[in-house]
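A.B. asks: Okay, predicted coordinates and the sequence, questions at the end:
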Amino acid sequence: MNPSKINSPFPRAAFFVCLLALALSPFASPARAQENPYIVTYDHYLEEPGSLEVEYFSTFGTQRAANDFHSFWAEFEYGVTAWWTAELYFDGQTTFNDSTIFTGFRWENRFRLLQREHFINPVLYIEYEQTSGADKILKEVEGHDVEADYAVPNGIAYKEHNHELESKLLLSKAFQGWNIAENTIATKNLTGGNPWEFGYAIGASRPLALKASARRCSFCRQNFIAGIEMYGGLGDRYSFGLHDTSQYLAPVVAWNIPSDWTLRLSPGFGLNDNSHRFLLRWGVSREFSGFGETVSRIFGGRKWR
């Protein structure tokens, strides 16, 4: 079987959702928000109720002793309530001189535990993943994940099927324009007897200017948010710690364009011999406020509250 031609309903579902979002976007109001620049780390901000954010992200990764790769994923993030945001991912990758394959999907839920701003704002994150062993999006790093794990050819790696439950405790604080966020990760592969695996992500960011310009402009300093992320694995239940793990440091920047798009860019650097030497990540997103109400109105449902 050619892994580049896997017959799966999930790419078709992603295509349908993209078409639906684009078809309804003229009826939804664009939402102007200062999006954070993080690609791995989460802060405590959730999607506005009834709003849909459509995102695309890519990662180019170097690979010693194997082929470099380009992984990519689409995200559809919806604000269910003021305290609950749900998100659906569809993953794929191209390994150079190998093949391009669909690698799985993820269903993410974030629950804000405290409604008002506090000194520390906790959010509970729960995600179910159904992916193949060829998945390379590196959305987070956990356990003893190392560079060599990504060197397996697609024709072999895609035969491995993983069903994982991932939980995170997201802690975040905003002060004087800064955002500081820390994520603690615990993941369990439900398909075998693998132990719980652990990881972390830390981020800090700040707009280049806090005072908004009196005129509408694309290149005003307040439209740019810069920061840095550090993330990596923390071993597993039987061997907790930094031994045989990979660690990364990555500057990040987001450009919030007045036309309601956000662009993100992040070059990442491995900090030890177990890590990819270089990861280049980029992404584009757009948020549509009132999307839930628009869908409900078109299909004759009750008005969104």
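C.D. replies: Received, thanks. Numbering: from 1, shown residues only.
A.B. asks: Please make it C-alpha for all contacts and neighbour counts, starting now.
C.D. replies: OK.
A.B. asks: close enough to count as contact, Glu35 and Ile257?
C.D. replies: No - the criterion here is CA atoms under 8 Å, and Glu35 misses it with Ile257 at 10.2 Å.
A.B. asks: now stretch 142-151, how far from the chain's geometric center?
C.D. replies: Taking the mean of its C-alpha atoms, stretch 142-151 sits 19 Å from the chain's own mean (CA atoms, centre = their mean, to the nearest Å).
A.B. asks: wait, stretch 207-214
C.D. replies: Relative to the chain's own centre, stretch 207-214 is displaced by 26 Å; criterion: CA atoms, centre = their mean.
A.B. asks: And that stretch, what's buried?
C.D. replies: In terms of neighbour count (16 or more other CA atoms under 10 Å), stretch 207-214 has its buried residues at Pro207.
A.B. asks: per-residue confidence averaged over the helix or strand containing Leu279?
C.D. replies: Assigned by DSSP states H and E, Leu279 belongs to strand 278-289. The pLDDT scores in strand 278-289 average 94.
A.B. asks: which outside residues touch it?
C.D. replies: Contact partners of strand 278-289, identified using CA atoms under 8 Å, 6 or more residues apart in numbering, comprise 25, 28-32, 39, 48, 50-62, 260-270.
A.B. asks: Now do the next helix or strand along the chain from it: which elements does it pack against?
C.D. replies: Using DSSP H and E, the helix or strand that directly follows strand 278-289 along the chain is helix 291-298. Contact partners of helix 291-298 among helices and strands, from 3 or more CA pairs under 8 Å, 6 or more residues apart in numbering; DSSP states H and E: helix 9-24.
A.B. asks: My guess is Asn97 contacts Asn67. True?
C.D. replies: Yes - between Asn97 and Asn67 there is a contact at 6.9 Å, judged by CA under 8 Å.
A.B. asks: okay, the two: which has more neighbours?
C.D. replies: Asn67 (17 against 11; other CA atoms under 10 Å).
A.B. asks: so when I look at that one, I'm seeing a helix, right?
C.D. replies: No - Asn67: not assigned to a helix; according to DSSP: H, G, I helix; E, B strand; the rest coil it is coil.
A.B. asks: quick one: contacts for it?
C.D. replies: Applying CA under 8 Å, 6+ apart to Asn67 gives the contacts 95-98, 151.
A.B. asks: ChimeraX command to pick out the buried ones of those residues?
C.D. replies: Only the buried entries of the contacts of Asn67 go into this ChimeraX selection, using 16+ other CA under 10 Å:
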select :95,151
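A.B. asks: Can you tell me which of the contacts of Asn67 is closest to Val295?
C.D. replies: Using CA to CA, Thr95 comes nearest to Val295 of the contacts of Asn67, at 37.9 Å.
A.B. asks: What sits closest to the closest one if chain neighbours are left out?
C.D. replies: Phe69 (4.2 Å; CA to CA, 6 or more residues apart in numbering).
A.B. asks: now swap in Asn256 and tell me
C.D. replies: Per CA to CA, 6+ apart, closest to Asn256 is Thr262, 4.6 Å.
A.B. asks: Can you tell me the element the one you found falls in?
C.D. replies: Counting by DSSP H and E, Thr262 is found in strand 261-270.
A.B. asks: Just want the angle from that strand to strand 278-289.
C.D. replies: Here the directions of strand 261-270 and strand 278-289 differ by 160 degrees (axes from the mean of the first three to the mean of the last three CA atoms, to 10 degrees).
A.B. asks: got the contact list for Ala204?
C.D. replies: Contact analysis of Ala204 by CA under 8 Å, 6+ apart lists 178-181, 227-229.
A.B. asks: State the pLDDT value of it.
C.D. replies: 98.
A.B. asks: Let me know the secondary structure of the residue nearest to Ala86 when sequence neighbours are not counted.
C.D. replies: Ranked by CA to CA, 6+ apart and with sequence neighbours excluded, the top spatial neighbour of Ala86 is Asn109, at 4.5 Å. Under three-state DSSP, the three-state class of Asn109 is strand.
A.B. asks: now Ile101
C.D. replies: From three-state DSSP, the assignment for Ile101 is strand.
A.B. asks: what about it, how many neighbours?
C.D. replies: Per other CA under 10 Å, the neighbour tally for Ile101 reads 22.
A.B. asks: What is the burial count for Val268?
C.D. replies: Just so we're on the same page, residue 268 is Gly rather than Val. Neighbour count of Gly268, defined by other CA under 10 Å: 22.
A.B. asks: In which helix or strand does the nearest residue to Ile126 once chain neighbours are set aside reside?
C.D. replies: In space, and not counting its chain neighbours, Ile126 is closest to Ser167: 4.6 Å by CA to CA, 6+ apart. Assigned by DSSP H and E, Ser167 belongs to strand 161-175.
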